[in-house]
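Novice: The sequence and its predicted three-dimensional model are supplied below.
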Protein chains: 2
Amino acid sequence: MSEVHAARRERLRDRCAAAGSAAALVSRPANVRYLTGCAPPGTVLLVGPGPEDVLVHHRHPSGDLAEGRLPDDVRGVVLSGPEGDPAVTAAALAADRKAEALAVEEHHLTVARHRAVGGAAPGVRLSDLGSAVEQLRLVKDEQEISALRIAAEIADQALSELLESILVGRTERHLALELERRLIDHGADGPAFPTCVGTGPHSGAARHLPTDRRVEEGDFLTVCLGACYRGYRCEVGRTFVIGTTPADWQIELYDLVFAAQRAGREALAPGAACRDVDHAARHVLESGGHGEALGETTGHGVGLEIGEDPRLSPSAMGKLDACVPVTVEPGVHIPGRGGVRIDDTLVVRPPTDGGPELLTITTKELLAL
Amino acid sequence: MSEVHAARRERLRDRCAAAGSAAALVSRPANVRYLTGCAPPGTVLLVGPGPEDVLVHHRHPSGDLAEGRLPDDVRGVVLSGPEGDPAVTAAALAADRKAEALAVEEHHLTVARHRAVGGAAPGVRLSDLGSAVEQLRLVKDEQEISALRIAAEIADQALSELLESILVGRTERHLALELERRLIDHGADGPAFPTCVGTGPHSGAARHLPTDRRVEEGDFLTVCLGACYRGYRCEVGRTFVIGTTPADWQIELYDLVFAAQRAGREALAPGAACRDVDHAARHVLESGGHGEALGETTGHGVGLEIGEDPRLSPSAMGKLDACVPVTVEPGVHIPGRGGVRIDDTLVVRPPTDGGPELLTITTKELLAL
């Protein structure tokens, strides 16, 4: 694994050199993890100047998060006190090494930290690393995709077990907690994001926070969950109907969202514009008279973070590449009544490889539970 | 409640005026919540110029997080798109209102956001609000303390129920999940922080992340948990011994940590220097030969965030005030062997009011379970 991370740091080094900076200070946790495979809270990574990279971190109380997983080719520097900022120590180190310029993550460092970093490295010109590491993270290698595949299997498993239990009378909070317990039972590091369970009037809403409302006969029930496995996060969302037979409006709305979600999935291809994928899904809902009820995005990238680039929205720039994992998750929420949301994680693949690879395989038929 | 928040904003306005700024942009979530009582994710608050304060936020998908709880005397501005930054909109509004200066939270805004805020308010001088709101938050009113008291009751309750169940053979992960479920059962918004359960060699470590290790006979078991109630977060930690009779080294270590924790608690008083409280606890452990095994702090403030000011550490500046809630949590972790941690949340009160008020009342006797 250590070579994978070394190769990623090498790519970053090349980008920095091209931008005129021989050293970079990486502080965003997911970026540090991507480049080293480990990230105790607050850790920063100094890449260059020179061949040796340095991780600066606090002494972790349990000890095993940091030193145990440090790559062989990265030097670790442990701060002694609790008040020190690893970014400041790293900047001083860059100055000791006679760096002329140091590229920092201006979208992550606060103004106050940036000032302290500058103060610790007099004579070093601070520049903006921008989202250079996020751009490296966009296209995943097969090792990353297989972590996502396992994360998706875990989420599918937790969901399918829940469906076998009795749901009527249980609260949204309890269903969410049970799902999170099952994720961990099946080997997840933890939930990829707070599990969303919406019943009746709460169904179909994105990022609904579970309440004490209980599942009732005739409800729509929307569940959206994800597992985090070795740092990689996936997402699956389904809507069910509770009781015997769905009402006509429920079948109609479900069919519409299903058609929109399928259109979004089918639009995924290397070279497809992100906004076109969004449009494919959005257009179906708009034609059905539910464009208003749709959120601002119909999907997003996933990986070490749950909301990564690319975004699938009307204003999104850029095109999809092969090996980019994204969600496709259109939904309709009608205030006071509820709605439907269907959410999959897929990996963009060329048609010659069979097209988009569906990671979350729970059925999308309308199940009456 | 609305008057409480209006009074807090008035105090902030006074501080800003004294510092030469008629307007402040508050972006740190706990600060926004403190000043308005509500804080959908990403919300920012513009205080002044002029009498009207404005909350700028994204349309929340569920709708009920924002509008439902907006104070009457604060105007809400909802962004239409997902890409916009509420801080940028608020800055433009301050410019429209002819603000000369706008104080922003430089310890919270990233460099990139700060630049965008400045770009949206040409002709407005950006200054640093610093930790003005955090300083207002330091001393709690009785309403805040009663929220903390309820949070502590919930955590005590969850812990006491766990102790009645059979523990041997269960994993740290499962015990942590069960505690979190019980917190919610008893009315918590959620856990105040990730619940820490450490068995055997993991016992006594601060912020230990639960693993699949199972509880065994003869283990020390350290549990540290907290409830969040109406946004307020408390903390309680205890160490137990599993099985019939504790070993001699266990009794000895427990007595030492207990004495250190008591010394810390007894040092809490209005006017006491934070470093002296730390020293009181630390000195006991050092005298017992375990100063090395101690972390860098022995306690910290709690409130809308779990790790607030003040910090109880050797390098801490400042003194305690009445009505400041803090944790006292010395611990010893011996690598490979385990250890003891005892953690309470207390409110600093003058001796005339009976001295420090203990919120977490679970017994601190060494229980053999």
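Specialist: Sure, I can see it.
Novice: mind checking how far A:A247 is from A:D96?
Specialist: 70 Å (Cβ to Cβ, to the nearest Å). C-beta here means a position set from N, CA and C on the backbone, and glycine is covered the same way.
Novice: Which one's more surrounded, the two?
Specialist: For A:A247 and A:D96, the more surrounded residue by other Cβ atoms under 10 Å in any protein chain shown is A:A247, and the numbers stand at 12 against 9.
Novice: Hmm, the more buried one is touching A:D219, no?
Specialist: No. Contact criterion Cβ atoms under 8 Å: A:A247 and A:D219 do not qualify, at 10.7 Å.
Novice: For stretch A:165-175, what does the pLDDT average out to?
Specialist: Averaged across stretch A:165-175, the pLDDT comes to 92.
Novice: who in chain A is up against chain B?
Specialist: When proximity is defined by Cβ under 8 Å from any Cβ of the partner chain, chain A lies next to chain B at A:59, A:61-63, A:65, A:81-83, A:104, A:106-115, A:128, A:173-174, A:177, A:180-181, A:184, A:202, A:205-209, A:295-297, A:311, A:313, A:315, A:333, A:335.
Novice: Now, those that are in helices?
Specialist: Cross-referencing the residues of chain A next to chain B against helices under DSSP state H gives A:111-115, A:173-174, A:177, A:180-181, A:184.
Novice: For those, pick the one with the most neighbours.
Specialist: Highest neighbour count within these, by other Cβ under 10 Å: A:V111, with 23 neighbours.
Novice: Kindly provide the distance from A:A227 to B:L346.
Specialist: The gap separating A:A227 from B:L346 is 39 Å, by Cβ to Cβ.
Novice: These two: which is more packed in?
Specialist: A:A227 (31 against 22).
Novice: which residues pair with the more buried one across the strands?
Specialist: Note on A:A227: beta-bridge partners by DSSP bridges are A:P191.
Novice: you'd agree it is up against A:E235?
Specialist: No. Using Cβ under 8 Å, A:A227 makes no contact with A:E235, being 9.2 Å away.
Novice: shared neighbours, the two?
Specialist: A:155, A:192 (Cβ atoms under 8 Å, 6 or more residues apart in numbering or on different chains).
Novice: and the ones in helices among the residues of chain A next to chain B as CSV, adding distance to A:R75?
Specialist: Putting these into CSV (distance: Cβ to Cβ, whole Å) gives the following:
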residue, distance to A:R75
A:V111, 29
A:A112, 27
A:R113, 22
A:H114, 24
A:R115, 26
A:R173, 46
A:H174, 48
A:L177, 42
A:E180, 37
A:R181, 40
A:I184, 34
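Novice: Just flag the most distant two among the residues you listed.
Specialist: The span of those, defined through Cβ to Cβ, is set by A:R115 and A:H174 at 46.9 Å.
Novice: Which residues are in contact with the residue positioned nearest the centre of chain A?
Specialist: For chain A, the residue sitting closest to the mean C-alpha position, by Cα atoms, centre = their mean, is A:I306 at 1.5 Å. By Cβ under 8 Å, 6+ apart, A:I306 lies in contact with A:192-193, A:226, A:233, A:235.
Novice: So which elements touch the helix or strand where A:Q135 lies?
Specialist: According to DSSP states H and E, A:Q135 maps onto helix A:132-138. On a contact count with 3 or more Cβ pairs under 8 Å, 6 or more residues apart in numbering or on different chains; DSSP states H and E, helix A:132-138 meets helix A:2-18, helix A:29-36, strand A:308-312.
Novice: Could you dump these into CSV and include mean neighbour count and mean pLDDT?
Specialist: Output for the helices and strands packed on helix A:132-138, formatted as CSV (neighbours: other Cβ atoms under 10 Å in any protein chain shown; pLDDT from 0 to 100):
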stretch, mean neighbour count, mean pLDDT
helix A:2-18, 16, 92
helix A:29-36, 23, 95
strand A:308-312, 22, 95
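Novice: Of those, which is nearest B:I251?
Specialist: Closest among these, using Cβ to Cβ: helix A:29-36, at 40.7 Å.
Novice: Quick one: work out the angle between that closest one and helix A:2-18.
Specialist: Interaxial angle of helix A:29-36 relative to helix A:2-18 (axes from the mean of the first three to the mean of the last three Cα atoms, to 10 degrees): 110 degrees.
Novice: and helix A:29-36, how far from the chain's centre?
Specialist: Centre-to-centre, helix A:29-36 and its host chain are 14 Å apart (Cα atoms, centre = their mean, to the nearest Å).
Novice: Next, the angle from it to strand A:308-312.
Specialist: With the same axes, to 10 degrees applied, the angle from helix A:29-36 to strand A:308-312 works out at 120 degrees.
Novice: The next helix or strand after helix A:29-36 - contacts with which helices or strands?
Specialist: Next helix or strand after helix A:29-36 toward the C-terminus (DSSP H and E): strand A:44-47. Helices and strands touching strand A:44-47, as assessed by 3+ Cβ pairs under 8 Å, 6+ apart, comprise helix A:2-18, strand A:23-26, helix A:29-36, strand A:53-58, helix A:86-96.
Novice: Strand A:44-47: partners in the sheet, and parallel or antiparallel?
Specialist: Here strand A:44-47 has these sheet partners by DSSP bridges: strand A:23-26 (antiparallel), strand A:53-58 (antiparallel).
Novice: what's in contact with the shortest one?
Specialist: Strand A:23-26 is touched from outside by A:12-13, A:16, A:32, A:35, A:44-49, A:87, A:90-91, A:94, A:97, A:99, A:101-105, A:117, A:129, A:132-133, with contacts defined as Cβ under 8 Å, 6+ apart.
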